[in-house]
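Asks: no FASTA, just this:
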(Lines give C-alpha, C1' and ligand atoms only; values in the text may rest on other atoms or scores of the structure.)
Protein backbone atom coordinates (compact mmCIF):
# COMPACT_ATOMS: atom_id res chain seq x y z
CA UNK A 1 0.00 0.00 0.00
CA UNK A 2 2.26 2.75 -1.18
CA UNK A 3 -0.04 5.79 -0.78
CA UNK A 4 -0.76 5.18 2.86
CA UNK A 5 2.34 3.92 4.53
CA UNK A 6 2.02 5.94 7.69
CA UNK A 7 -0.47 3.60 9.40
CA UNK A 8 0.37 0.80 11.74
CA UNK A 9 0.99 2.36 15.10
CA UNK A 10 1.35 5.52 17.13
CA UNK A 11 3.89 7.91 15.69
CA UNK A 12 6.33 9.36 18.12
CA UNK A 13 6.63 12.62 16.23
CA UNK A 14 2.86 12.98 16.23
CA UNK A 15 2.69 12.75 20.00
CA UNK A 16 5.13 15.64 20.36
CA UNK A 17 3.40 17.57 17.65
CA UNK A 18 0.12 16.99 19.45
CA UNK A 19 1.39 18.65 22.61
CA UNK A 20 1.84 21.72 20.53
CA UNK A 21 -1.48 21.66 18.67
CA UNK A 22 -3.68 20.02 21.29
CA UNK A 23 -3.86 23.12 23.48
CA UNK A 24 -7.32 24.23 24.52
CA UNK A 25 -8.68 26.52 21.83
CA UNK A 26 -8.84 30.23 22.41
CA UNK A 27 -11.98 31.40 24.18
CA UNK A 28 -15.11 30.97 22.10
CA UNK A 29 -18.50 32.41 22.88
CA UNK A 30 -22.05 31.60 21.97
CA UNK A 31 -22.76 32.33 18.34
CA UNK A 32 -19.12 32.17 17.29
CA UNK A 33 -19.83 29.24 14.99
CA UNK A 34 -21.45 31.57 12.47
CA UNK A 35 -18.21 33.59 12.32
CA UNK A 36 -16.03 30.52 11.83
CA UNK A 37 -18.29 28.96 9.19
CA UNK A 38 -17.29 29.39 5.56
CA UNK A 39 -20.49 27.88 4.19
CA UNK A 40 -23.72 26.65 5.72
CA UNK A 41 -26.97 25.16 4.58
CA UNK A 42 -29.51 22.38 4.91
CA UNK A 43 -29.35 19.11 3.03
CA UNK A 44 -32.14 16.51 3.20
CA UNK A 45 -33.47 18.29 6.29
CA UNK A 46 -30.15 18.25 8.16
CA UNK A 47 -28.48 21.49 9.15
CA UNK A 48 -24.76 21.70 8.39
CA UNK A 49 -21.83 24.12 8.47
CA UNK A 50 -18.44 23.91 6.82
CA UNK A 51 -15.48 25.25 8.78
CA UNK A 52 -11.77 25.51 7.94
CA UNK A 53 -10.01 22.33 9.09
CA UNK A 54 -7.47 24.36 11.07
CA UNK A 55 -10.25 25.84 13.24
CA UNK A 56 -12.14 22.62 13.95
CA UNK A 57 -11.58 22.74 17.71
CA UNK A 58 -12.88 26.30 17.89
CA UNK A 59 -15.89 25.35 15.80
CA UNK A 60 -16.74 22.29 17.87
CA UNK A 61 -16.30 24.28 21.07
CA UNK A 62 -18.56 27.05 19.76
CA UNK A 63 -21.19 24.49 18.73
CA UNK A 64 -21.03 23.02 22.21
CA UNK A 65 -21.70 26.45 23.68
CA UNK A 66 -24.60 26.88 21.29
CA UNK A 67 -26.26 23.91 22.97
CA UNK A 68 -25.00 21.05 20.83
CA UNK A 69 -23.49 19.39 23.85
CA UNK A 70 -24.29 15.79 22.98
CA UNK A 71 -22.02 13.88 20.66
CA UNK A 72 -23.48 11.47 18.12
CA UNK A 73 -20.54 10.44 15.97
CA UNK A 74 -17.67 11.64 13.85
CA UNK A 75 -16.49 10.06 10.68
CA UNK A 76 -14.66 10.65 7.44
CA UNK A 77 -15.65 10.49 3.77
CA UNK A 78 -13.12 9.87 1.00
CA UNK A 79 -13.99 11.95 -2.07
CA UNK A 80 -11.28 10.46 -4.29
CA UNK A 81 -12.01 10.55 -8.04
CA UNK A 82 -15.60 11.75 -8.01
CA UNK A 83 -17.28 11.79 -11.36
CA UNK A 84 -18.43 15.38 -10.72
CA UNK A 85 -14.88 16.52 -9.92
CA UNK A 86 -15.27 18.03 -6.47
CA UNK A 87 -17.40 17.30 -3.43
CA UNK A 88 -20.24 19.68 -2.54
CA UNK A 89 -20.30 21.99 0.50
CA UNK A 90 -16.54 22.68 0.53
CA UNK A 91 -17.02 26.42 0.86
CA UNK A 92 -14.71 27.14 -2.08
CA UNK A 93 -15.38 26.89 -5.78
CA UNK A 94 -11.85 26.85 -7.17
CA UNK A 95 -8.49 25.29 -6.44
CA UNK A 96 -7.47 21.70 -5.97
CA UNK A 97 -10.46 19.67 -4.75
CA UNK A 98 -10.04 18.37 -1.19
CA UNK A 99 -10.06 14.62 -0.73
CA UNK A 100 -11.14 13.87 2.83
CA UNK A 101 -14.22 15.27 4.51
CA UNK A 102 -14.44 15.07 8.28
CA UNK A 103 -18.03 14.99 9.52
CA UNK A 104 -19.01 15.75 13.12
CA UNK A 105 -22.62 15.03 14.01
CA UNK A 106 -23.72 16.81 17.19
CA UNK A 107 -27.04 16.92 19.01
CA UNK A 108 -28.87 19.43 21.10
CA UNK A 109 -30.96 17.32 23.47
CA UNK A 110 -32.94 20.26 24.86
CA UNK A 111 -34.28 21.39 21.51
CA UNK A 112 -33.99 18.03 19.67
CA UNK A 113 -31.77 19.51 16.99
CA UNK A 114 -28.95 18.02 14.99
CA UNK A 115 -25.92 19.81 13.56
CA UNK A 116 -23.33 18.53 11.13
CA UNK A 117 -19.92 20.19 11.05
CA UNK A 118 -17.80 19.55 7.99
CA UNK A 119 -14.10 20.15 7.52
CA UNK A 120 -12.16 19.27 4.39
CA UNK A 121 -8.63 17.90 4.27
CA UNK A 122 -6.29 17.73 1.29
CA UNK A 123 -4.93 14.48 -0.14
CA UNK A 124 -1.49 13.42 0.96
CA UNK A 125 -0.99 13.38 4.69
CA UNK A 126 -4.30 14.46 6.24
CA UNK A 127 -4.01 15.79 9.80
CA UNK A 128 -6.66 17.46 11.94
CA UNK A 129 -6.84 18.45 15.60
CA UNK A 130 -8.37 15.96 18.00
CA UNK A 131 -11.57 16.83 19.85
CA UNK A 132 -11.43 13.93 22.31
CA UNK A 133 -11.25 16.28 25.30
CA UNK A 134 -14.36 18.17 24.19
CA UNK A 135 -16.43 15.04 23.55
CA UNK A 136 -15.44 11.83 25.36
CA UNK A 137 -16.60 9.27 22.78
CA UNK A 138 -14.64 11.04 20.02
CA UNK A 139 -11.63 9.17 21.38
CA UNK A 140 -12.57 5.83 19.83
CA UNK A 141 -14.15 7.37 16.75
CA UNK A 142 -10.92 9.21 15.97
CA UNK A 143 -8.95 6.00 16.39
CA UNK A 144 -11.40 4.34 14.01
CA UNK A 145 -10.97 7.06 11.39
CA UNK A 146 -7.19 6.85 11.82
CA UNK A 147 -7.39 3.09 11.42
CA UNK A 148 -9.67 2.94 8.40
CA UNK A 149 -8.87 6.24 6.61
CA UNK A 150 -5.35 7.10 7.75
CA UNK A 151 -6.32 10.57 8.98
CA UNK A 152 -4.10 11.62 11.90
CA UNK A 153 -5.44 13.50 14.90
CA UNK A 154 -2.95 15.75 16.61
CA UNK A 155 -3.34 15.84 20.35
CA UNK A 156 -4.94 12.41 20.57
CA UNK A 157 -3.61 10.54 23.62
CA UNK A 158 -3.52 7.07 22.10
CA UNK A 159 -3.72 7.14 18.33
CA UNK A 160 -3.47 3.44 17.49
CA UNK A 161 -5.47 1.11 15.31
CA UNK A 162 -8.71 0.04 16.97
CA UNK A 163 -10.58 -2.39 14.70
CA UNK A 164 -7.74 -3.83 12.62
CA UNK A 165 -4.61 -5.60 13.90
CA UNK A 166 -1.66 -3.32 14.68
CA UNK A 167 0.43 -4.74 11.84
CA UNK A 168 -2.23 -4.17 9.17
CA UNK A 169 -1.06 -2.31 6.09
CA UNK A 170 -3.13 0.41 4.52
CA UNK A 171 -6.47 1.96 5.39
CA UNK A 172 -9.38 -0.08 4.01
CA UNK A 173 -12.05 2.60 3.82
CA UNK A 174 -9.96 4.72 1.44
CA UNK A 175 -11.43 4.49 -2.02
CA UNK A 176 -8.14 3.35 -3.55
CA UNK A 177 -7.90 0.37 -1.22
CA UNK A 178 -8.81 -2.64 -3.35
CA UNK A 179 -11.71 -4.88 -2.48
CA UNK A 180 -9.62 -7.99 -2.95
CA UNK A 181 -9.98 -11.56 -1.83
CA UNK A 182 -8.07 -13.42 0.84
CA UNK A 183 -5.41 -16.02 0.25
CA UNK A 184 -7.00 -19.44 0.77
CA UNK A 185 -4.39 -20.87 3.04
CA UNK A 186 -5.97 -24.25 3.64
CA UNK A 187 -6.17 -25.13 -0.03
CA UNK A 188 -3.84 -27.80 -1.38
CA UNK A 189 -3.05 -25.72 -4.44
CA UNK A 190 -2.38 -22.62 -2.44
CA UNK A 191 -0.53 -20.79 -5.20
CA UNK A 192 -3.21 -21.36 -7.81
CA UNK A 193 -6.14 -20.47 -5.63
CA UNK A 194 -4.67 -17.27 -4.36
CA UNK A 195 -7.29 -14.64 -5.11
CA UNK A 196 -5.77 -11.60 -3.45
CA UNK A 197 -3.89 -9.18 -5.67
CA UNK A 198 -0.14 -9.72 -5.32
CA UNK A 199 0.52 -6.07 -4.65
CA UNK A 200 -2.42 -4.00 -3.58
CA UNK B 1 -15.02 -11.49 21.37
CA UNK B 2 -14.40 -8.72 23.86
CA UNK B 3 -11.01 -8.53 25.54
CA UNK B 4 -10.58 -6.42 28.64
CA UNK B 5 -7.11 -5.62 29.93
CA UNK B 6 -7.62 -4.85 33.61
CA UNK B 7 -5.11 -3.50 36.13
CA UNK B 8 -6.06 -4.77 39.56
CA UNK B 9 -4.95 -4.01 43.05
CA UNK B 10 -5.95 -7.13 44.92
CA UNK B 11 -9.49 -7.43 43.62
CA UNK B 12 -10.04 -3.72 43.13
CA UNK B 13 -10.07 -2.42 39.58
CA UNK B 14 -7.60 0.38 38.84
CA UNK B 15 -7.71 0.53 35.06
CA UNK B 16 -9.76 -1.07 32.29
CA UNK B 17 -8.82 -1.08 28.65
CA UNK B 18 -11.26 -2.76 26.25
CA UNK B 19 -9.64 -4.26 23.16
CA UNK B 20 -12.06 -4.64 20.28
CA UNK B 21 -12.02 -5.50 16.61
CA UNK B 22 -12.22 -9.28 16.82
CA UNK B 23 -15.50 -9.27 14.93
CA UNK B 24 -14.65 -6.57 12.41
CA UNK B 25 -16.05 -7.63 9.06
CA UNK B 26 -15.71 -4.45 7.02
CA UNK B 27 -19.44 -3.97 6.64
CA UNK B 28 -19.11 -0.29 5.70
CA UNK B 29 -16.66 -1.12 2.92
CA UNK B 30 -18.96 -3.87 1.67
CA UNK B 31 -21.93 -1.50 1.66
CA UNK B 32 -19.96 0.94 -0.53
CA UNK B 33 -19.46 -1.71 -3.17
CA UNK B 34 -23.15 -2.64 -3.34
CA UNK B 35 -26.07 -0.82 -4.91
CA UNK B 36 -28.45 0.98 -2.57
CA UNK B 37 -31.08 -1.75 -2.54
CA UNK B 38 -28.47 -4.49 -2.11
CA UNK B 39 -26.83 -2.82 0.88
CA UNK B 40 -29.94 -3.62 2.95
CA UNK B 41 -28.65 -7.16 3.36
CA UNK B 42 -25.40 -6.07 5.00
CA UNK B 43 -27.25 -3.90 7.51
CA UNK B 44 -28.77 -7.11 8.88
CA UNK B 45 -25.32 -8.30 9.83
CA UNK B 46 -24.14 -5.12 11.51
CA UNK B 47 -25.94 -5.55 14.84
CA UNK B 48 -26.96 -9.14 14.31
CA UNK B 49 -29.26 -9.31 17.32
CA UNK B 50 -31.44 -6.46 16.12
CA UNK B 51 -31.44 -6.54 12.31
CA UNK B 52 -34.76 -4.72 12.02
CA UNK B 53 -33.40 -1.55 13.64
CA UNK B 54 -30.48 -1.53 11.26
CA UNK B 55 -32.76 -2.02 8.25
CA UNK B 56 -34.98 0.71 9.63
CA UNK B 57 -32.27 3.34 10.07
CA UNK B 58 -30.72 2.55 6.70
CA UNK B 59 -34.10 2.77 4.97
CA UNK B 60 -34.88 6.07 6.71
CA UNK B 61 -31.52 7.55 5.68
CA UNK B 62 -31.91 6.59 2.02
CA UNK B 63 -35.52 7.80 2.00
CA UNK B 64 -34.45 11.09 3.58
CA UNK B 65 -31.85 11.50 0.86
CA UNK B 66 -34.42 10.81 -1.85
CA UNK B 67 -37.24 12.78 -0.23
CA UNK B 68 -39.57 9.81 -0.03
CA UNK B 69 -42.18 9.12 2.64
CA UNK B 70 -43.59 5.62 2.99
CA UNK B 71 -47.36 4.93 3.27
CA UNK B 72 -49.04 4.58 6.71
CA UNK B 73 -49.38 0.81 6.59
CA UNK B 74 -45.66 0.41 5.90
CA UNK B 75 -44.91 2.73 8.80
CA UNK B 76 -47.11 0.75 11.15
CA UNK B 77 -45.52 -2.54 10.04
CA UNK B 78 -42.10 -1.01 10.59
CA UNK B 79 -43.10 -0.03 14.12
CA UNK B 80 -44.48 -3.51 14.83
CA UNK B 81 -41.38 -5.28 13.60
CA UNK B 82 -39.08 -2.83 15.38
CA UNK B 83 -40.81 -3.30 18.70
CA UNK B 84 -40.76 -7.07 18.29
CA UNK B 85 -37.07 -6.75 17.60
CA UNK B 86 -36.60 -4.65 20.74
CA UNK B 87 -38.21 -7.41 22.76
CA UNK B 88 -36.08 -10.10 21.15
CA UNK B 89 -32.91 -8.06 21.69
CA UNK B 90 -33.79 -7.49 25.35
CA UNK B 91 -34.60 -11.19 25.70
CA UNK B 92 -31.06 -12.12 24.72
CA UNK B 93 -29.71 -9.48 27.08
CA UNK B 94 -31.88 -10.61 29.99
CA UNK B 95 -31.15 -14.27 29.40
CA UNK B 96 -27.40 -13.97 29.07
CA UNK B 97 -27.02 -11.40 31.85
CA UNK B 98 -29.05 -13.61 34.15
CA UNK B 99 -26.87 -16.54 33.16
CA UNK B 100 -23.70 -14.59 33.94
CA UNK B 101 -25.01 -13.60 37.33
CA UNK B 102 -26.02 -17.07 38.42
CA UNK B 103 -29.68 -17.15 37.38
CA UNK B 104 -29.12 -19.90 34.84
CA UNK B 105 -32.77 -20.66 34.16
CA UNK B 106 -33.34 -17.11 32.85
CA UNK B 107 -31.79 -18.03 29.53
CA UNK B 108 -34.29 -20.80 28.82
CA UNK B 109 -37.31 -18.66 29.70
CA UNK B 110 -36.06 -15.77 27.60
CA UNK B 111 -35.16 -17.87 24.59
CA UNK B 112 -38.63 -19.38 24.74
CA UNK B 113 -40.24 -15.97 24.15
CA UNK B 114 -37.59 -14.95 21.64
CA UNK B 115 -38.38 -18.01 19.58
CA UNK B 116 -41.96 -16.83 19.22
CA UNK B 117 -40.65 -13.56 17.79
CA UNK B 118 -38.40 -15.41 15.38
CA UNK B 119 -41.48 -17.35 14.27
CA UNK B 120 -43.20 -14.03 13.61
CA UNK B 121 -40.17 -12.83 11.62
CA UNK B 122 -40.28 -16.00 9.58
CA UNK B 123 -43.98 -15.68 8.92
CA UNK B 124 -43.74 -12.15 7.58
CA UNK B 125 -40.37 -12.13 5.85
CA UNK B 126 -39.37 -15.75 5.30
CA UNK B 127 -36.30 -15.38 7.50
CA UNK B 128 -35.90 -15.86 11.21
CA UNK B 129 -32.96 -13.56 11.86
CA UNK B 130 -31.52 -11.64 8.92
CA UNK B 131 -34.84 -10.50 7.62
CA UNK B 132 -33.97 -7.50 5.36
CA UNK B 133 -37.63 -6.76 5.89
CA UNK B 134 -37.55 -2.96 6.13
CA UNK B 135 -36.04 -1.51 2.98
CA UNK B 136 -35.94 1.88 1.26
CA UNK B 137 -39.40 2.62 -0.07
CA UNK B 138 -41.40 0.44 2.29
CA UNK B 139 -41.32 -3.10 3.57
CA UNK B 140 -40.71 -6.43 1.88
CA UNK B 141 -44.12 -8.05 2.25
CA UNK B 142 -47.54 -7.47 3.70
CA UNK B 143 -48.65 -9.06 6.96
CA UNK B 144 -50.39 -12.38 6.46
CA UNK B 145 -53.55 -13.25 8.47
CA UNK B 146 -51.48 -15.87 10.30
CA UNK B 147 -48.92 -13.22 11.24
CA UNK B 148 -51.61 -10.98 12.70
CA UNK B 149 -53.09 -13.91 14.58
CA UNK B 150 -49.71 -15.00 15.99
CA UNK B 151 -48.91 -11.40 16.92
CA UNK B 152 -52.22 -11.03 18.73
CA UNK B 153 -51.55 -14.16 20.71
CA UNK B 154 -48.02 -13.05 21.50
CA UNK B 155 -49.17 -9.65 22.77
CA UNK B 156 -51.76 -11.31 24.99
CA UNK B 157 -49.35 -13.79 26.50
CA UNK B 158 -46.21 -11.68 26.82
CA UNK B 159 -47.10 -9.52 29.89
CA UNK B 160 -47.41 -12.72 31.93
CA UNK B 161 -43.92 -13.68 30.79
CA UNK B 162 -42.53 -10.32 31.93
CA UNK B 163 -44.11 -10.94 35.35
CA UNK B 164 -42.39 -14.27 35.38
CA UNK B 165 -38.97 -12.73 34.66
CA UNK B 166 -39.52 -10.14 37.33
CA UNK B 167 -40.53 -12.78 39.87
CA UNK B 168 -37.24 -14.54 39.13
CA UNK B 169 -34.96 -11.51 39.31
CA UNK B 170 -36.43 -8.26 40.61
CA UNK B 171 -36.54 -9.27 44.27
CA UNK B 172 -33.91 -11.97 44.05
CA UNK B 173 -31.41 -11.14 46.86
CA UNK B 174 -28.39 -12.50 44.95
CA UNK B 175 -29.26 -10.56 41.83
CA UNK B 176 -29.86 -7.37 43.81
CA UNK B 177 -26.58 -7.76 45.68
CA UNK B 178 -24.73 -8.04 42.41
CA UNK B 179 -26.43 -5.13 40.68
CA UNK B 180 -27.63 -2.52 43.18
CA UNK B 181 -25.05 0.22 43.64
CA UNK B 182 -22.74 -1.54 41.17
CA UNK B 183 -21.44 0.17 38.03
CA UNK B 184 -22.66 3.62 38.96
CA UNK B 185 -22.77 6.09 36.07
CA UNK B 186 -23.80 9.62 36.94
CA UNK B 187 -26.11 11.69 34.78
CA UNK B 188 -23.26 14.03 33.81
CA UNK B 189 -20.92 11.18 32.93
CA UNK B 190 -23.58 9.47 30.85
CA UNK B 191 -24.11 12.65 28.84
CA UNK B 192 -20.43 13.42 28.55
CA UNK B 193 -19.68 9.90 27.35
CA UNK B 194 -22.40 10.10 24.70
CA UNK B 195 -24.35 7.16 26.14
CA UNK B 196 -27.69 6.37 24.57
CA UNK B 197 -30.55 3.99 25.16
CA UNK B 198 -30.99 2.21 28.50
CA UNK B 199 -27.49 3.35 29.56
CA UNK B 200 -28.57 6.99 29.37
CA UNK B 201 -32.09 6.51 30.66
CA UNK B 202 -30.83 4.39 33.56
CA UNK B 203 -28.90 7.48 34.66
CA UNK B 204 -31.97 9.68 34.71
CA UNK B 205 -31.84 11.40 31.33
CA UNK B 206 -35.19 11.36 29.58
CA UNK B 207 -34.00 10.97 26.00
CA UNK B 208 -35.63 8.49 23.68
CA UNK B 209 -35.52 9.08 19.93
CA UNK B 210 -39.01 7.63 19.57
CA UNK B 211 -40.25 10.48 21.80
CA UNK B 212 -37.81 13.29 21.02
CA UNK B 213 -37.56 12.96 17.25
CA UNK B 214 -40.40 10.62 16.30
CA UNK B 215 -40.00 8.63 13.10
CA UNK B 216 -42.27 6.15 11.32
CA UNK B 217 -45.31 7.47 13.16
CA UNK B 218 -44.15 6.78 16.73
CA UNK B 219 -45.89 9.99 17.78
CA UNK B 220 -49.25 8.26 17.21
CA UNK B 221 -48.71 5.69 19.95
CA UNK B 222 -49.10 6.21 23.64
CA UNK B 223 -46.15 4.99 25.63
CA UNK B 224 -43.65 6.20 28.18
CA UNK B 225 -39.90 6.42 27.86
CA UNK B 226 -38.51 4.22 30.63
CA UNK B 227 -36.35 6.35 32.92
CA UNK B 228 -34.65 5.40 36.20
CA UNK B 229 -32.49 7.70 38.27
CA UNK B 230 -30.24 5.37 40.27
CA UNK B 231 -27.63 4.99 37.50
CA UNK B 232 -26.51 1.52 38.61
CA UNK B 233 -26.79 -1.90 36.98
CA UNK B 234 -30.12 -2.52 38.70
CA UNK B 235 -31.54 0.72 37.27
CA UNK B 236 -30.56 -0.32 33.76
CA UNK B 237 -32.23 -3.67 34.39
CA UNK B 238 -35.41 -1.87 35.49
CA UNK B 239 -35.30 0.36 32.39
CA UNK B 240 -35.16 -2.62 30.08
CA UNK B 241 -37.94 -4.46 31.91
CA UNK B 242 -40.11 -1.35 31.61
CA UNK B 243 -39.25 -1.10 27.93
CA UNK B 244 -40.56 -4.62 27.46
CA UNK B 245 -43.91 -3.57 28.92
CA UNK B 246 -44.00 -0.36 26.87
CA UNK B 247 -43.11 -2.28 23.70
CA UNK B 248 -46.07 -4.56 24.34
CA UNK B 249 -48.31 -1.50 24.68
CA UNK B 250 -47.06 -0.09 21.38
CA UNK B 251 -47.57 -3.45 19.67
CA UNK B 252 -51.17 -3.63 20.89
CA UNK B 253 -51.96 -0.12 19.64
CA UNK B 254 -50.19 -0.66 16.32
CA UNK B 255 -52.00 -3.93 15.73
CA UNK B 256 -55.41 -2.48 16.61
CA UNK B 257 -54.96 0.60 14.44
CA UNK B 258 -53.10 -1.05 11.56
CA UNK B 259 -54.22 1.00 8.54
CA UNK B 260 -55.10 -0.53 5.18
CA UNK B 261 -53.38 0.45 2.02
CA UNK B 262 -50.14 -0.10 0.14
CA UNK B 263 -46.97 -1.22 1.89
CA UNK B 264 -44.58 0.44 -0.55
CA UNK B 265 -44.23 3.83 -2.16
CA UNK B 266 -45.69 4.00 -5.62
CA UNK B 267 -42.43 4.92 -7.31
CA UNK B 268 -41.18 2.79 -10.16
CA UNK B 269 -37.76 4.42 -9.98
CA UNK B 270 -37.25 3.05 -6.48
CA UNK B 271 -39.06 -0.26 -6.32
CA UNK B 272 -39.87 -2.86 -8.97
CA UNK B 273 -43.38 -2.96 -10.47
CA UNK B 274 -45.75 -5.78 -9.46
CA UNK B 275 -45.12 -9.05 -11.27
CA UNK B 276 -48.46 -8.95 -13.16
CA UNK B 277 -47.56 -5.70 -14.89
CA UNK B 278 -44.46 -7.21 -16.46
CA UNK B 279 -46.57 -9.35 -18.81
CA UNK B 280 -48.52 -6.47 -20.24
CA UNK B 281 -46.52 -3.26 -19.85
CA UNK B 282 -43.33 -2.47 -21.75
CA UNK B 283 -42.67 0.45 -19.41
CA UNK B 284 -42.88 -1.82 -16.38
CA UNK B 285 -40.40 -4.17 -18.01
CA UNK B 286 -37.95 -1.33 -18.61
CA UNK B 287 -38.27 -0.14 -15.02
CA UNK B 288 -37.71 -3.66 -13.79
CA UNK B 289 -34.66 -4.10 -15.98
CA UNK B 290 -33.14 -0.76 -15.02
CA UNK B 291 -33.67 -1.37 -11.31
CA UNK B 292 -32.06 -4.78 -11.30
CA UNK B 293 -29.15 -3.97 -13.57
CA UNK B 294 -28.33 -0.46 -12.48
CA UNK B 295 -30.35 0.42 -9.39
CA UNK B 296 -31.36 3.93 -8.48
CA UNK B 297 -29.26 7.01 -7.81
CA UNK B 298 -30.21 9.39 -4.99
CA UNK B 299 -29.31 13.06 -5.56
CA UNK B 300 -25.88 14.29 -4.47
CA UNK B 301 -25.85 14.95 -0.75
CA UNK B 302 -25.77 13.23 2.59
CA UNK B 303 -28.30 12.25 5.23
CA UNK B 304 -28.27 10.85 8.72
CA UNK B 305 -31.17 8.95 10.23
CA UNK B 306 -31.19 7.34 13.64
CA UNK B 307 -33.57 4.99 15.40
CA UNK B 308 -33.89 4.03 19.03
CA UNK B 309 -32.70 0.44 19.05
CA UNK B 310 -32.55 -1.87 22.03
CA UNK B 311 -29.02 -0.63 22.68
CA UNK B 312 -29.50 3.08 22.00
CA UNK B 313 -29.08 5.37 19.05
CA UNK B 314 -28.30 3.23 16.02
CA UNK B 315 -28.06 5.42 12.98
CA UNK B 316 -26.95 5.35 9.38
CA UNK B 317 -25.11 8.15 7.65
CA UNK B 318 -25.28 7.84 3.86
CA UNK B 319 -23.34 9.97 1.40
CA UNK B 320 -24.44 9.96 -2.22
CA UNK B 321 -22.23 11.17 -5.06
CA UNK B 322 -25.06 10.80 -7.57
CA UNK B 323 -24.13 7.29 -8.68
CA UNK B 324 -26.04 4.08 -8.01
CA UNK B 325 -23.70 3.01 -5.20
CA UNK B 326 -23.25 4.93 -1.96
CA UNK B 327 -20.02 6.93 -1.68
CA UNK B 328 -19.97 6.22 2.05
CA UNK B 329 -22.17 4.40 4.51
CA UNK B 330 -21.36 4.95 8.17
CA UNK B 331 -23.12 2.98 10.87
CA UNK B 332 -23.36 4.87 14.13
CA UNK B 333 -23.39 2.07 16.61
CA UNK B 334 -24.70 2.50 20.13
CA UNK B 335 -22.68 -0.40 21.52
CA UNK B 336 -19.41 1.09 20.24
CA UNK B 337 -20.04 4.30 22.15
CA UNK B 338 -21.61 2.69 25.21
CA UNK B 339 -18.69 0.33 25.66
CA UNK B 340 -16.41 3.30 26.25
CA UNK B 341 -18.05 3.92 29.61
CA UNK B 342 -16.80 0.56 30.99
CA UNK B 343 -13.82 2.09 32.73
CA UNK B 344 -15.78 4.97 34.25
CA UNK B 345 -18.25 2.51 35.76
CA UNK B 346 -15.76 -0.12 36.87
CA UNK B 347 -13.04 2.00 38.53
CA UNK B 348 -12.74 1.29 42.24
CA UNK B 349 -15.12 -1.65 42.00
CA UNK B 350 -14.36 -5.32 42.48
CA UNK B 351 -13.34 -7.50 39.60
CA UNK B 352 -16.50 -9.61 39.96
CA UNK B 353 -18.56 -6.46 39.35
CA UNK B 354 -17.18 -6.27 35.82
CA UNK B 355 -19.43 -9.15 34.83
CA UNK B 356 -22.54 -7.24 35.87
CA UNK B 357 -21.25 -4.02 34.29
CA UNK B 358 -20.43 -5.58 30.94
CA UNK B 359 -23.76 -7.38 31.12
CA UNK B 360 -25.83 -4.25 31.58
CA UNK B 361 -23.98 -2.31 28.87
CA UNK B 362 -25.50 -4.89 26.53
CA UNK B 363 -22.79 -4.39 23.93
CA UNK B 364 -23.30 -6.64 20.94
CA UNK B 365 -19.86 -7.18 19.51
CA UNK B 366 -21.06 -7.26 15.93
CA UNK B 367 -22.47 -3.81 16.57
CA UNK B 368 -19.19 -2.63 18.14
CA UNK B 369 -16.83 -3.91 15.47
CA UNK B 370 -19.04 -3.75 12.39
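Replies: The structure has been received and is ready for your questions. From a predicted model like this one, the values you see are computed outputs, not experimental measurements.

Asks: chain B contacts on chain A?
Replies: A:43-46, A:69-73, A:75, A:77-79, A:82-84, A:87-88, A:103, A:105, A:109, A:112, A:114, A:116, A:135-137, A:139-140, A:148, A:161-165, A:172-173, A:177, A:179 (Cβ under 8 Å from any Cβ of the partner chain). Quick note: C-beta positions are derived from backbone N, CA and C, even for glycine.

Asks: which of the residues you listed fall in strands?
Replies: Among the residues of chain A next to chain B, DSSP state E puts A:43, A:46, A:70-73, A:75, A:77-78, A:103, A:105, A:114, A:116 in strands.

Asks: can you give me the helices in chain A?
Replies: A:12-21, A:32-36, A:56-65, A:138-149, A:190-193 (DSSP state H).

Asks: who's in contact with the second one?
Replies: So the one you mean is helix A:32-36. Applying Cβ atoms under 8 Å, 6 or more residues apart in numbering or on different chains, the external contacts of helix A:32-36 come out as A:40, A:49, A:51-52, A:55, A:58-59, A:62-63, A:65-66.

Asks: ok, back up a step: now the residues of chain A next to chain B: which count as buried?
Replies: Buried members of the residues of chain A next to chain B, counted by 16 or more other Cβ atoms under 10 Å in any protein chain shown: A:43-44, A:46, A:69-73, A:75, A:77-79, A:82, A:87-88, A:103, A:105, A:109, A:114, A:116, A:135-137, A:139-140, A:148, A:161-164, A:172-173, A:177.

Asks: any low-confidence regions in the chain?
Replies: You didn't pick a chain, so chain A it is. Counting by pLDDT under 70, the low-confidence segments of chain A come to A:1-27, A:29-31, A:93, A:180-200.

Asks: my bad, the chain I had in mind was chain B
Replies: Ranges of chain B meeting pLDDT under 70: none found.

Asks: where along it do the strands fall?
Replies: For chain B, the strands defined by DSSP E cover B:3-9, B:12-19, B:134-135, B:138-139, B:301-308, B:313-320, B:328-332.

Asks: of those strands, give the one that comes closest to residue B:126.
Replies: Relative to residue B:126, the nearest member of the strands of chain B by Cβ to Cβ is strand B:138-139, separated by 12.6 Å.

Asks: now residue B:104: closest residue in space, sequence neighbours ignored.
Replies: Spatially, and ignoring its direct neighbours in sequence, residue B:104 is nearest to residue B:98 (7.5 Å; Cβ to Cβ, 6 or more residues apart in numbering or on different chains).

Asks: okay, now the one you found: neighbour count?
Replies: 24 (other Cβ atoms under 10 Å in any protein chain shown).

Asks: how about the contacts made by the residue in the stretch 51-200 of chain B that chain A sits nearest to?
Replies: Taking Cβ to the nearest Cβ, chain A has its nearest neighbour within the stretch 51-200 of chain B at residue B:194, 3.8 Å off. Residues in contact with residue B:194, defined by Cβ under 8 Å, 6+ apart, are A:70-72, A:135-137, B:337, B:340.

Asks: next one: residue B:205
Replies: A:109, B:187, B:190-191, B:227.

Asks: using ChimeraX, make a named selection holding only the buried ones among the residues you listed.
Replies: Here is the ChimeraX selection string for the buried members of the contacts of residue B:205, based on 16+ other Cβ under 10 Å:
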select /A:109 /B:190,191,227
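
Asks: need the contacts of residue B:205 in JSON lines (columns: distance to residue B:72).
Replies: Shown next, in JSON lines, are those (distance: Cβ to Cβ, whole Å):
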{"residue": "A:109", "distance to residue B:72": "29"}
{"residue": "B:187", "distance to residue B:72": "37"}
{"residue": "B:190", "distance to residue B:72": "35"}
{"residue": "B:191", "distance to residue B:72": "35"}
{"residue": "B:227", "distance to residue B:72": "29"}
